[in-house]
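*Asks:* I'll drop the sequence and a predicted model, then ask my questions.
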Amino acid sequence: MSILLDQSNRVLVMGITGNYGKFFVTDSGGYGTTVVAGVSPGRGGTDVDGIPVFEGARAACQATQADTAMVFVPPPLVRAAAIEAIEAGCRLVVATADEMPVRDTIEIRAAAKANGARLVGPNSPGIISPGKAKMGFMPSFCFMPGPMGVISRSGSLSYESSKRLTQAHIGQTTVIGIGGDPIKGTTAAEAMALFHLDPETRAILYLGEIGGAEEAAVAAYASQPHAKPVAALIVGKTAPPGKKMGHAAAMVGSKADSHAAKTRLLAKSGVLVCKDLTDLVAQAKNALAAAA
Amino acid sequence: MSILLDQSNRVLVMGITGNYGKFFVTDSGGYGTTVVAGVSPGRGGTDVDGIPVFEGARAACQATQADTAMVFVPPPLVRAAAIEAIEAGCRLVVATADEMPVRDTIEIRAAAKANGARLVGPNSPGIISPGKAKMGFMPSFCFMPGPMGVISRSGSLSYESSKRLTQAHIGQTTVIGIGGDPIKGTTAAEAMALFHLDPETRAILYLGEIGGAEEAAVAAYASQPHAKPVAALIVGKTAPPGKKMGHAAAMVGSKADSHAAKTRLLAKSGVLVCKDLTDLVAQAKNALAAAA
Amino acid sequence: MMILEHEAKALLRSVGVAVPQGSLIKSPTRLPKIKSYPIALKAQVRSGGRGKLGGVIRVNNATALKAGARKLFNTTFGDEKPEVLLADPWLPFERELYLSVTIDGTAEGYVVLYSPKGGVDVESGTPPARYPIGPASQFRAQGFRAVLEKVEKDFQLREKLIFLAQRLVETAAARDCNTIEINPLVQLKDGSLMALDAKIVYDDWAHYRNSDILDQQKAERARADKYLRASLEMGHMYVKLDGDIALISGGAGMTMGAMDMIKAAGGKPACFLDASPGPTSTRGYKPAFQMLDADPSIKVILVSVFGGGTHMNRVASAMKENMAMRKSKKPVVFRLDGTYVDQVPAIFETFGAKNHPNLESAVKEAIKLARSA
Amino acid sequence: MMILEHEAKALLRSVGVAVPQGSLIKSPTRLPKIKSYPIALKAQVRSGGRGKLGGVIRVNNATALKAGARKLFNTTFGDEKPEVLLADPWLPFERELYLSVTIDGTAEGYVVLYSPKGGVDVESGTPPARYPIGPASQFRAQGFRAVLEKVEKDFQLREKLIFLAQRLVETAAARDCNTIEINPLVQLKDGSLMALDAKIVYDDWAHYRNSDILDQQKAERARADKYLRASLEMGHMYVKLDGDIALISGGAGMTMGAMDMIKAAGGKPACFLDASPGPTSTRGYKPAFQMLDADPSIKVILVSVFGGGTHMNRVASAMKENMAMRKSKKPVVFRLDGTYVDQVPAIFETFGAKNHPNLESAVKEAIKLARSA
């Protein structure tokens, strides 16, 4: 199995007539994702590679039973598009856009909560359930199906890490990019809880950073009695304090934000902490071994 | 009967330890209103004339089954107090304060709607069901029980008009002050609908002003086939265009706002329009006669 | 209260709305260097209908600017002369549109109005399309899109309008604006939108959380004469009319009702004056009497108060003290009613005043006194 | 990005929060006339710990002001010298408190933090009380009151804090502030609250709807040298470190992962440079190479990109063109991977570059080259 995404998700593409939208139809559709509709106001009635385009999300969902939305509109428009998709009935909305005002994300998350939906992102590579479906632009060759659930705060790092797993024949149930922003549609804690309930996920690999409170949530999960084994790589050991490292949330502001504090807390909670990227596969194997 | 308010309402006074709150306990309590509790943060555990004071609305409602709130706090604090009362379970909230920012009223009204509650006010004298209960500072001698439902945009004008009715032995089921602000907790249309359903209300007297859209709603009610007879006094015949006459909503901005347009529309819809205050009792009598 | 066009544009610019890069002219003798002509020279006044009254001039060179500025500074629009002019670049555009956000009772909050034809004649055309919102947080792109689809064919423009309207609604809520009107909103050659004119009305009662509103109130008082200033500082609401019977009353509806009755009985009301704030203190009425006593067009003052929370014994005492302080011999007619009105006659007796039993009687006497003055 | 104290106070004042009536000093030779001493002379810098570094001086007279201003203008705090000083009246107060609003993931939005003991040592004391809100519209007086009741005994103060906190939360949302911190918030003798210091952090990504943020971004670029300015204009995220191996990467996590690996392998990273914006164009990388080539402390440049939506064939072409434009002889090590990486070797062959098969190998070569440079 997998979490959140497989071939049964019926995907609506918000902004389907843009470059990203068109590439997504080809790339993710080719991967196996069930893309059923697109929205592009003013272009309803046309199609993109055979996928029908609608004026709005409500019409699209009614006509195609779409239940999942991929948002590819410019950052200032993401809030409106995501909330439109949520209110039209999409239960999963993935927003990859970075450069999103935090307030907009807060409002999307609140709208999702009020409607029983889930947001993944923003500032995220998206989510892939290898061999089944992907929502985002992950390089497909880096992934293969298998028992490892992967959670990542960073896009490229999730590709890099997944490729290392795949080369070592460790497949993944789902790889979810939770994003680098301070407010996340899906937090590490929420992603851990989903993997916990997924019977095929035997162990979890968490890819974290300095700054923020996600790692504390990972530690809290790992220290529970029936937790699945967790391996973790935390990057930013060499980041200076007080500087924002690209991601809005990646900054050592207080002591708890630092690489040392985070890795110490994780190790204490029973997480297999990777020394660095080179150590990743070894700890992933240890986690799977612990699950056996 | 009456609308919204009678002796069965269990009234909570937000801001009970202030001057207005204390006077209300004496005055309205003496009139028959069932005042059961007060809120004054920091003064919980004390009492005002035997009415217990609580730290917050939730505690007050739980302890006393209060279901109705009278808000007597300064205008900048009304929004917080009203929403607190609504979320604590009060189904009717009366706010008399003027000088309220419109945005605050919009938010209170939205909170009331979301919680199935009703706001009366702001910038309103409140509401009185003669002989039963009053929420506000109406001079009690102006009112007596009887068959006329009265709706007023203005406080003093409702006292003046009710006194004239009372002197002419025309009693009132309920006199509701809907207030002079552009956004009203209870609109004229909503008040008309409540009087329509009240079996003891035989006719309705509406006291309106220039500006705003309330009078159009009154006309719309009156033109319905089974409407109760409506008499109306519209003040502001001598008001110059483009000037705000005290009430934020009382301004002739467009042609439809004017005294002439409003009285014409009302008359056309079958409303008995009073020429001026002196004509009020005569038209009220005509309305009651029409109901017979 | 309404702010001037250039102030409204500054606020719009600050929230990301495109406006022309104009310059301000504060005196006809201190003119700015204009880099490129033609420009639109615009009188900064609050009165409506400025365009039709010649308040906007197209100016092609520095000489014309000098003449135009002198002319506009010397023109009265409605009842105000401009204290400042705005010199905006004269921009070519493709279309004139109308977009506004305002407060609306039937919308239970904010409403967006859009008309595909903006400009000075917008009011005489088809009524604008309405998108009722409620609280600002309830703005929905799909909701406004559905309204626009019926009146605006250009779908790319529709999306730009949705984005702009949401920003205007957010701004109205955040800055306590009861109206933000852009007319015309123009579409430039590149398809982008720009606010060529703007009208913003602040919520007077949000002054404590918005320094812009507080500053406007101070400026409004500074523009008033000393008597009116004192009255405004007391919180009185005052509108001057052209009659001779002044009215001091409480409550907007009651005050208008009394005005109407004066007129119906053959008199001429001289003002709307709602003295509800501070209604029981001597201090509360003092600036009202001072202002009305100083006004030569006023012959009689009618005090008509019907109080609930306002106790009539205290109003009566306040009247006694105010009468003792007055130097004017203008007659004052009293009609107090409401809570504790039974105590009024005894107080009035101490200074020889009479309390009329009803409004009709008081109005009748006021008219008689005005005629004989 | 963080704004200066006096800018933060101006914003707070505009939304109704009481702040001292201070004056700005822009040069040690142009000092304002101070009506009443003592004053607090405060260096306007973004760096933390200003108080402990002597950045706030109590000044008792005009002579001391001159000396104090000269001293502060010549002091470096962290890595910045003040360009402006703030002269605030030195106000007596009863209590120092701490109040802030910030973004918090576990609160799913805004959180209010309050500590009954404010001042410079707030971080070393008991952690502040937390009131998690979510979206700004979810602020509830009763919610914050329940939090305050546990830590603040003065019930009148509690109500003032609730009112102020709601205004701060509204302001954070309306003006796109990710943090508004008042420390100390002081209680004056009359019980009222005043912000003696203020720190506001804007949301960089809300620049298009907030001219204050846009202006701060422009000012930040204006402060940067020409190379960094070009890089910032491209949207690159750059943090200088003290090593000699520069890194051009894409994605924050990947970039940090590579930095860490350089260090672990015995090298010294010279920067964090995330070039994700415009990641496939020649133009996108040009300012990065120019900046790093011009920096004498840098010996080697390591380009490490692992792309999903970023196609490696286009990155490889962009590298080819950038290499052709460069005048510097600094060695560049490449490691590209991800979408269309199979097309990279053919492109690299045309200009004699080598693509490393993995990060370890690329890092190893970069370290070797740095040692031999």
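*Replies:* Thanks, I have the structure now.

*Asks:* count the residues that sit near residue 289.
*Replies:* No chain in the question, so chain A it is. Other residues lying near residue A:289 total 11 when counted by other C-beta atoms under 10 Å in any protein chain shown. All C-beta atoms are positioned from the backbone trio N, CA, C, and that covers glycine.

*Asks:* the chain in question should be chain C.
*Replies:* Counted with other C-beta under 10 Å, residue C:289 comes out at 23.

*Asks:* if I've got this straight, it is in a helix?
*Replies:* Yes: per DSSP: H, G, I helix; E, B strand; the rest coil, residue C:289 lies within a helix segment.

*Asks:* doesn't residue C:324 make contact with it?
*Replies:* No: in this structure residue C:289 lies outside contact range of residue C:324 using C-beta atoms under 8 Å: 11.2 Å.

*Asks:* host element of residue A:103?
*Replies:* Assigned by DSSP states H and E, residue A:103 falls within helix A:102-114.

*Asks:* residue A:135 now?
*Replies:* Counting by DSSP H and E, residue A:135 is part of strand A:133-136.

*Asks:* given that strand, what are its sheet partners and their directions?
*Replies:* If you go by DSSP bridges, strand A:133-136 pairs up with strand A:126-129 (antiparallel).

*Asks:* buried set for the strand it pairs with?
*Replies:* Buried residues in strand A:126-129, counted by 16 or more other C-beta atoms under 10 Å in any protein chain shown: A:126, A:127, A:128, A:129.

*Asks:* what about the strands in the stretch 51-200 of chain A?
*Replies:* Ranges of strands in the stretch 51-200 of chain A, per DSSP state E, counting those that start in this stretch, are A:51-54, A:68-71, A:92-95, A:118-120, A:126-129, A:133-136, A:145-152, A:172-177.

*Asks:* turn those strands into CSV, including distance to residue D:97 and mean pLDDT.
*Replies:* Formatted as CSV, the strands of the stretch 51-200 of chain A follow (distance: least, C-beta to C-beta, whole Å; pLDDT from 0 to 100):
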stretch, distance to residue D:97, mean pLDDT
strand A:51-54, 54, 98
strand A:68-71, 42, 98
strand A:92-95, 38, 98
strand A:118-120, 36, 98
strand A:126-129, 44, 98
strand A:133-136, 46, 97
strand A:145-152, 39, 98
strand A:172-177, 40, 98
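
*Asks:* and of those strands, who's closest to residue D:153?
*Replies:* Closest to residue D:153 of the strands of the stretch 51-200 of chain A is strand A:118-120 (C-beta to C-beta; 41.0 Å).

*Asks:* with distance to residue A:201 added, can I get the strands of the stretch 51-200 of chain A in a markdown table?
*Replies:* Shown next, in a markdown table, are the strands of the stretch 51-200 of chain A (distance: least, C-beta to C-beta, whole Å):
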| stretch | distance to residue A:201 |
| --- | --- |
| strand A:51-54 | 31 |
| strand A:68-71 | 20 |
| strand A:92-95 | 18 |
| strand A:118-120 | 17 |
| strand A:126-129 | 11 |
| strand A:133-136 | 16 |
| strand A:145-152 | 4 |
| strand A:172-177 | 4 |
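
*Asks:* and of these, who's closest to residue B:292?
*Replies:* strand A:51-54 (58.8 Å).

*Asks:* packing partners for that closest one?
*Replies:* Strand A:51-54 sits against strand A:35-39, helix A:57-64, with contacts defined as 3 or more C-beta pairs under 8 Å, 6 or more residues apart in numbering or on different chains; DSSP states H and E.
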